[in-house]
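Asks: what would the 3D arrangement of this be:
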Amino acid sequence: MNSNLQHDQRMVTTLTVATANVLNLANPGRMFYENQDTYSANEFERKIEWLGGRIAALNADVLAVQEVWDEAAIKAAVARSGLRYSTVAVPGAENNEKSNGAQNTPRVGIVTRLEVEKLQSFVDFPPALRIQIPGLGEHAKFERPPLLATLRMKHGQVLHMLTAHMKSKRPKFLQDANGDPTEDREDPKILALATLRSLMMRGAEAAAMRHIVADVLQRTHAPLIVMGDFNDGPHSVTTQMIAATGEVVYDRGARDTALWNAYEVQGEMALKRDVAYSHVHQGSPEVLDQIFVSEEFLARSKFSIGDVRRVDYFNDHLQEGRDRSRSDHGFVRAVIRVFQ
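Replies: As a prediction, the model looks like this:
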């Protein structure tokens, strides 16, 4: 029987997923970076109000969030949205008697209506992926640990969701214990070396992410969605280290562990417009925030349980000027049709 005809005879539900870099979301009066002022009560209120409105507009079943310093702050934003979610979790950024939020670097988290079976943060690289960074020594950990969530959709189907926030392209200059530079940042040769350090760090993170993806997908047919701030374009080397989409061209068996950019496989192609960007760097729009899906969400796959209908970019605020009460990233949402 034709697969499309089979799908037509099954019940259909909609799964909406989204990713949002919320730009240093921290509690008021709480120091997060030494070179940045804390949020005043009024500034925090503006940020929570703005973010609550964006969460309401996204109205996602699963929202992946990045740059959260305090779990309590994202819970406040979700509450402000007026939507009901059963789970709001940012491992490593909890606010309780044992923890005062994230330390040294923000964390990633998940906001979802779906049943959560398991949450797992990955801190360390596999031993084989530990590398030596010039001037820094061994690089063996994620700067911002990715979060793997095992969820259950309403009809019982398992869904894996991996949230990422990759190392930025910002040059990694050496500094002392007080955070003061120990290199001449005006020297073009030093700049090249500092940029290389960042690239090597992001590359090692990408390879470690690839290990996670392969472990989830290899010889299984449980769908995986990977989303977050990749800090690089969808066709960059580091992003493709994670997704390995191009490998399918040479090896059909590679489909088992490959990922596809949701924007490129969406069914409603008429919606593909030149507004597909999630960040503006020095006046140039770029796509850093992305959603990738495994073959179970490809319409033409024999293992398909659904397909991506459309991908939307919520980025109008990027033209409104820089204000830390908003975000410097656009948010990305994918609407997925799921067959039961």
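
Asks: only C-alpha atoms from now on, for both contacts and neighbour counts.
Replies: Will do.

Asks: give me the buried positions along the longest helix belonging to the chain.
Replies: Longest helix of the chain, by residue count under DSSP state H: helix 188-217. Within helix 188-217, the residues scored as buried using 16 or more other Cα atoms under 10 Å are 190-191, 193-214, 216-217.

Asks: and the next helix or strand past it?
Replies: Remark: after helix 188-217, the chain's next helix or strand is strand 224-229, criterion DSSP states H and E.

Asks: direction included, what does that next one pair against?
Replies: Based on DSSP bridges, the pairing partners of strand 224-229 within the sheet are strand 158-165 (parallel), strand 289-293 (antiparallel).

Asks: deepest of those, which one?
Replies: Highest mean neighbour count of the strands paired with strand 224-229: strand 289-293, a mean of 26 (counted as mean count of other Cα atoms under 10 Å).

Asks: mind listing what's buried in stretch 217-237?
Replies: 217, 221-234.

Asks: checking residue 326 next. Helix, strand or coil?
Replies: Using DSSP: H, G, I helix; E, B strand; the rest coil, the structure places residue 326 in coil.

Asks: so what's it up against?
Replies: Each residue near residue 326 by Cα atoms under 8 Å, 6 or more residues apart in numbering is listed here: 22-23, 47, 50-51, 317.

Asks: quick one: which of the residues you listed is nearest to residue 91?
Replies: Distance to residue 91 across these (Cα to Cα) is lowest for residue 22, with 16.0 Å.

Asks: how close does that closest one sit to residue 67?
Replies: 6 Å (Cα to Cα, to the nearest Å).

Asks: again with residue 208
Replies: According to Cα to Cα, residue 208 and residue 67 sit 20 Å apart.

Asks: check residue 216 too.
Replies: Taking Cα to Cα, one finds residue 216 at 25 Å from residue 67.

Asks: returning to what we had before: for residue 63, which of the strands paired with strand 224-229 is the nearest?
Replies: Across the strands paired with strand 224-229, residue 63 has its closest neighbour in strand 158-165 (9.4 Å, Cα to Cα).

Asks: residues contacting the closest one, please?
Replies: Here strand 158-165 makes contact (Cα under 8 Å, 6+ apart) with 64-66, 108-110, 144-153, 216, 222-231.

Asks: the same query, at a cut-off of 6 Å, please.
Replies: For strand 158-165, contacts defined as Cα atoms under 6 Å, 6 or more residues apart in numbering pick out 64, 146-152, 223-230.

Asks: just flag the most distant two among those residues.
Replies: 152 and 230 (25.4 Å).

Asks: report how many residues lie close to residue 248.
Replies: 15 (other Cα atoms under 10 Å).

Asks: likewise residue 239?
Replies: 24.

Asks: what's the answer for residue 179, then?
Replies: Residue 179 has 10 neighbours, counted by other Cα under 10 Å.

Asks: that one: what secondary structure?
Replies: Going by three-state DSSP: residue 179 is coil.

Asks: so who does it touch?
Replies: With Cα under 6 Å, 6+ apart, residue 179 has no contacts at all.

Asks: so residue 76: helix, strand or coil?
Replies: Each residue gets one of three states, and residue 76 gets helix by three-state DSSP.

Asks: pLDDT score for it?
Replies: Turning to residue 76, the model gives it a pLDDT of 98.

Asks: could you measure from it over to residue 115?
Replies: Counting by Cα to Cα - residue 76 and residue 115 are separated by 21 Å.

Asks: next one: residue 163
Replies: Residue 163 is 17 Å from residue 115, by Cα to Cα.

Asks: kindly report the same for residue 40.
Replies: Residue 40 sits 35 Å away from residue 115, going by Cα to Cα.

Asks: which strand residues bridge the most centrally placed residue in the chain?
Replies: The centre of the chain sits closest to residue 228, judged by Cα atoms, centre = their mean, with a distance of 1.2 Å. Taking DSSP bridges as the rule, residue 228 bridges to residue 164, residue 290.

Asks: just checking, what packs against the helix or strand containing residue 53?
Replies: In the assignment (DSSP H and E), residue 53 maps to helix 41-58. Other helices and strands packing on helix 41-58, by 3 or more Cα pairs under 6 Å, 6 or more residues apart in numbering; DSSP states H and E, are helix 71-81.

Asks: could I have the helix it packs on exported to CSV, CA atoms only?
Replies: Output in CSV follows, covering the C-alpha atoms of helix 71-81 (Å, rounded to 0.1, in the frame of the first residue of the first chain):
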residue,chain,number,x,y,z
GLU,A,71,15.8,28.0,36.7
ALA,A,72,13.5,30.2,38.9
ALA,A,73,13.8,32.9,36.2
ILE,A,74,12.6,30.8,33.3
LYS,A,75,9.8,29.5,35.5
ALA,A,76,8.7,33.0,36.1
ALA,A,77,8.8,33.7,32.4
VAL,A,78,6.7,30.6,31.7
ALA,A,79,4.2,31.6,34.3
ARG,A,80,4.0,35.1,32.8
SER,A,81,3.1,33.5,29.4
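
Asks: list the helices and strands the helix or strand following it packs on?
Replies: Downstream of helix 71-81, the next assigned helix or strand under DSSP H and E is strand 87-89. Helices and strands touching strand 87-89, as assessed by 3+ Cα pairs under 6 Å, 6+ apart, comprise strand 107-112.

Asks: who's in contact with the strand it packs on?
Replies: Outside strand 107-112, the residues that touch it by Cα under 6 Å, 6+ apart are 61-68, 85, 87-90, 144.
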